[in-house]
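Student: Mind folding the following:
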Amino acid sequence: METRKESTGDARSGLLLVALASVAWGTIPLLVRQIQPVPVTIGSGGLELNAAAVVTVFWRVTFAALTVLLVQTVRGRVRSLFAIDRRTLGALAVNGVLLATHWVLFFSALLLTDVAVAELLTYTGPIYVAALTPLVLKEPYDRRVLVPILLGLAGMLVIVWPHLSAPDDTMEIVGAAMAMLAAVGYALLMLNTKRLLHGISAPVIMFWDSTAAALVLLPLALLLPAPSTGNEWAALFALGAVYSVAVVFVFMTGLKRVRADHAAVLMYLEPVSAIVVAAFFLGEPITAAAVFGGAIVISAGVAVARLAPVPSMEGPPVPLDEAFDSAPDG
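Tutor: Numbers count the residues shown, from 1 in each chain. Predicted coordinates for the structure are as follows:
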């Protein structure tokens, strides 16, 4: 009985950490909107796109990698970042490419359309996670999560539909398309990260993910103007050091204790948080559809949080003080 209670407590503490990280990530649109537009003309037709997303992601991952390097150096564990074999480095490089692709698409969507549309379309990603978890991670399918997933999807559709049915301009459609592609990238990134967590510590994953993403984006970043104001640099530093290191550490600690599909559904809290933040700080109105759909999304997250863990499905718990430098045996 004691083991059962401990297992339940570990899984729920993991879900709580995932929820806290998700709510924190919901404030990211405030920082992204601090970056000044970077217009780029494509082709002879004069199609102008905003390349600020590339600049934002490049500096975010650069600051993230430097932060992890500094932290591990201070802790006297910098060698652990480089004590990996070529196969592992290759897997981390793939993760970095997925990270760069997902964030460029997601940040582009945030700059081209409303926060509600960008966030909630991107968070169709958990649908792909739940569908692919048994195939990619070889975990048994948990039928209990199907209803919460459908609830979350229904809530997103309620919020997004008014925006897509009558868009203000064609760039909103482009933004929506980028958000949907970002959802696919999100699913692949989360599944690969969950797989890597079984054998690699969080700092190694964060450092090489960020480094690989920075290298992928470096050629483009060199062609684009760098940020020029203090607010831009402050926002980029926060995105890298805080949101990509501190908050990711909290998220990974929680993810180690729960199934990937359970964590994914609970992360619907991020777009709900983002919509509230956008209303208060960016002047984007909260509509009746957003309130109703958001309530459905939150209900889906609560339903997942209340699921009793199945010993054969949940990952082994990792104490918070050990999570940063250890990985579960499982």
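Student: okay, CA-based contacts and neighbour counts for the rest of this
Tutor: Fine.
Student: how close does Ala288 get to Thr170?
Tutor: Distance, Ala288 to Thr170, using CA to CA, to the nearest Å: 24 Å.
Student: Could you do Glu232 as well?
Tutor: Per CA to CA, Glu232 is found 28 Å from Thr170.
Student: Looking only at neighbour counts, state which of those two leads.
Tutor: Per other CA atoms under 10 Å, whichever of Glu232 and Thr170 has more neighbours is Glu232, with 19 against 11.
Student: Can you pull the phi/psi pair for the residue nearest to Ala274 when sequence neighbours are not counted?
Tutor: Nearest residue to Ala274, sequence neighbours excluded (CA to CA, 6 or more residues apart in numbering): Gly26, at 4.1 Å. Main-chain dihedrals, Gly26, degrees, to the nearest 10: phi -70, psi -10.
Student: give the contact list for Gly26.
Tutor: With contacts defined as CA atoms under 8 Å, 6 or more residues apart in numbering, Gly26 is in contact with Leu269, Glu270, Pro271, Val272, Ser273, Ala274, Ile275, Val277.
Student: how far away is the closest residue in space to Ala212 that isn't next to it in sequence from Trp233?
Tutor: Distances taken as CA to CA, 6+ apart place Gly96 nearest to Ala212, at 4.8 Å, with adjacent residues excluded. Per CA to CA, Gly96 is found 22 Å from Trp233.
Student: For these two, indicate the residue with more neighbours.
Tutor: Counted by other CA under 10 Å, Gly96 and Trp233 do not tie: Gly96 has more neighbours, with 26 against 18.
Student: hmm, back to that, my guess is the residue nearest to Ala212 contacts Phe207, does it?
Tutor: No. Assessed by CA atoms under 8 Å, Gly96 is found out of contact with Phe207, at 9.5 Å.
Student: where exactly do the helices run in the stretch 101-250 of the chain?
Tutor: Under the criterion DSSP state H, counting those that start in this stretch, the stretch 101-250 of the chain contains helices at 115-122, 125-136, 146-165, 170-196, 202-223, 230-237, 247-255.
Student: what inclination does the helix or strand that Phe280 is a member of have with respect to helix 146-165?
Tutor: Per DSSP states H and E, Phe280 falls inside helix 269-281. Calculated by axes from the mean of the first three to the mean of the last three CA atoms, to 10 degrees, helix 269-281 forms an angle of 40 degrees with helix 146-165.
Student: For helix 269-281, what does the pLDDT average out to?
Tutor: When pLDDT is averaged over helix 269-281, the result is 88.
Student: Got the confidence number for Thr113?
Tutor: Among the per-residue scores, Thr113 holds a pLDDT of 85.
Student: How many residues are close by it?
Tutor: Thr113: 23 surrounding residues under other CA under 10 Å.
Student: Ok, Ala83 next?
Tutor: Ala83 has 10 neighbouring residues, counting by other CA under 10 Å.
Student: Report the secondary structure state of it.
Tutor: coil (DSSP: H, G, I helix; E, B strand; the rest coil).
Student: Find the residue at the geometric middle of this structure.
Tutor: Geometric centre of the chain, nearest residue: Tyr186, 6.7 Å, by CA atoms, centre = their mean.
Student: What's the separation between Pro271 and Val71?
Tutor: 30 Å.
Student: Which of these two has more residues huddled nearby?
Tutor: The neighbour comparison of Pro271 against Val71 (other CA under 10 Å) goes to Pro271, with 27 against 13.
Student: Show the contacting residues for that one.
Tutor: Pro271 neighbours (CA under 8 Å, 6+ apart): Gly26, Ala116, Glu119, Leu120, Tyr123.
Student: In contact with the closest residue to it other than its chain neighbours, which residues?
Tutor: Nearest residue to Pro271 in three dimensions, chain neighbours excluded: Glu119, at 5.0 Å (CA to CA, 6+ apart). If you count contacts by CA under 8 Å, 6+ apart, Glu119 has them with Phe106, Leu110, Ala179, Glu270, Pro271, Ala274.
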